[in-house]
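Visitor: this is the structure alone, sequence omitted:
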């Protein structure tokens, strides 16, 4: 993307006789005064917008923290990152695979499922039907394209020990083989959080769910349940899938994430919990409870919970219509 050129210095005023200096100074003082008032007014408007109750953040964004630094993605990018990383966990792949997958998608599509690209490339990974990646319809399905990427990656001998850009290039055969490296640190931050290796490292700043976007409790839970199955291969422990549920009006889905990482249920819980935060914009989640911590949408942060959940247990509460 071309950068806008900075504006050059203003043209010097025309050369005039001595008598015109004083009026010019008065005019300049007037312009400066008006400019100062406008600047103060602008700041006031911005502050006012931020302080409106329920207005939400001016810019919605999500961040994964690594070594004290926050690495940001938009809510749409975070949603796709949750799928890419979640698929790697569901397939039993190491976090390194998620890092490679995320770096590749960031370079190829900026982690947006686009329907255009170089020649016939489309989708998250800009895969080409002419190179036997599948049909356009298949590649535009982010679940299909993500699994197609990992199907090839796992066949690359020694990919776990390769530089990210080298492993990605083995799969993509890009004309710009070194381009993936620039996304490595951001991808490691997101992969570490979404695979559960960095607990409480991912949060999103989101506005409140608009009243017009609220669903009935059953329908709201269905959205979460559908995404759990699609991205992580998990079913809810309670909720719509439980015919014996006692409270059909409940807006909370409880998940047993133990099958995701059988040898480390705590990691599975954090992988699922932070997946729920990364997808909150799409699922309308407002609370995510893992262990003794709970992410609150209105706080855009993890805070202490009143109760501690068992390792691997996750509770996702959505904003539903009453």
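Guide: Thanks, I have the structure now. What you see is a predicted model; the values in this text were computed from it and never measured.
Visitor: quickly note the distance from the closest residue to residue 171 other than its chain neighbours to residue 158.
Guide: Spatial nearest neighbour of residue 171, chain neighbours left out: residue 152 (4.7 Å); criterion: Cβ to Cβ, 6 or more residues apart in numbering. The C-beta positions use only the backbone N, C-alpha and C, and glycine is treated the same way. Applying Cβ to Cβ, to the nearest Å, the value for residue 152 to residue 158 is 14 Å.
Visitor: count of residues packed around the residue nearest to residue 127 when sequence neighbours are not counted?
Guide: Among residues not flanking residue 127 along the chain, residue 133 sits closest, at 3.6 Å (Cβ to Cβ, 6+ apart). The tally of other residues near residue 133 (other Cβ atoms under 10 Å) stands at 22.
Visitor: check contacts around residue 133.
Guide: With contact set as Cβ atoms under 8 Å, 6 or more residues apart in numbering, residue 133 has these partners: 127, 139, 145, 148.
Visitor: which SS class is the closest residue to residue 297 other than its chain neighbours?
Guide: Closest residue in space to residue 297, ignoring its immediate chain neighbours: residue 286 at 4.3 Å, by Cβ to Cβ, 6+ apart. Taken by DSSP: H, G, I helix; E, B strand; the rest coil, the conformation at residue 286 corresponds to strand.
Visitor: got the contact list for residue 286?
Guide: 209, 280, 296, 297, 298, 317, 318, 319.
Visitor: and the fourth one, how many neighbours?
Guide: Using other Cβ under 10 Å, residue 297 is surrounded by 25 other residues.
Visitor: so it is in contact with residue 203, correct?
Guide: No: counting by Cβ atoms under 8 Å, residue 203 is not a contact partner of residue 297; they are 9.8 Å apart.
Visitor: now the host helix or strand of residue 224: buried residues?
Guide: Assigned by DSSP states H and E, residue 224 belongs to helix 217-227. By neighbour count on 16 or more other Cβ atoms under 10 Å, the buried set for helix 217-227 is 217, 220, 221, 222, 223, 224, 225, 227.
Visitor: residue 193: what's it in contact with?
Guide: Counted by Cβ under 8 Å, 6+ apart, residue 193 has contacts 64, 65, 201, 202, 274.
Visitor: what strand or helix carries it?
Guide: Taking DSSP H and E as the definition, one finds residue 193 inside helix 184-194.
Visitor: which regions of the stretch 201-322 of the chain lie under the pLDDT threshold?
Guide: Across the stretch 201-322 of the chain, the ranges flagged by pLDDT under 70 are 238-249.
Visitor: ok, the residue nearest to residue 278 when sequence neighbours are not counted - contacts?
Guide: Spatial nearest neighbour of residue 278, excluding adjacent residues (Cβ to Cβ, 6+ apart): residue 82 at 3.9 Å. Neighbour list for residue 82: 194, 231, 275, 278, 279 [criterion: Cβ under 8 Å, 6+ apart].
Visitor: hmm, residue 275 and the second one touching each other?
Guide: Yes: the pair residue 231 and residue 275 qualifies as a contact (Cβ under 8 Å) at a distance of 6.5 Å.
Visitor: okay, and the common contacts of those two?
Guide: 82, 86.
Visitor: between those two, who's got more neighbours?
Guide: residue 275 (34 against 25).
Visitor: secondary structure element for that one, which one?
Guide: Residue 275 is part of helix 265-278, with elements assigned from DSSP H and E.
Visitor: identify the residues contacting residue 101.
Guide: 84, 85, 87, 88, 146, 149, 150, 153.
Visitor: which one of the residues you listed is nearest to residue 235?
Guide: residue 87 (16.5 Å; Cβ to Cβ).
Visitor: need the contact partners of stretch 302-318.
Guide: Residues contacting stretch 302-318 (Cβ under 8 Å, 6+ apart): 200, 203, 220-221, 223-224, 237, 251-258, 265-266, 268-269, 272-273, 276, 283-296.
Visitor: name only those of those that count as buried.
Guide: 200, 203, 220-221, 223-224, 237, 251-258, 265-266, 268-269, 272-273, 276, 283-291, 293-296.
Visitor: pretty sure residue 185 sits against residue 66.
Guide: Yes: judged on Cβ under 8 Å, residue 185 makes contact with residue 66 at a distance of 7.1 Å.
Visitor: list the residues that contact residue 173.
Guide: With Cβ under 8 Å, 6+ apart, residue 173 has no contacts at all.
Visitor: where does it land on pLDDT?
Guide: Looking at residue 173, its pLDDT stands at 87.
Visitor: hmm, back to that, can I have the buried ones of the contacts of residue 286 as a ChimeraX selection?
Guide: What follows is the ChimeraX syntax for the buried subset of the contacts of residue 286, where burial is set by 16+ other Cβ under 10 Å:
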select :209,280,296,297,317,318,319
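Visitor: what is the nearest of the contacts of residue 286 to residue 170?
Guide: Nearest to residue 170, judged by Cβ to Cβ, of these is residue 280 at 34.0 Å.
Visitor: skip the chain neighbours and tell me the closest residue to the closest one.
Guide: In space, residue 280 is closest to residue 204, 5.7 Å off (Cβ to Cβ, 6+ apart).
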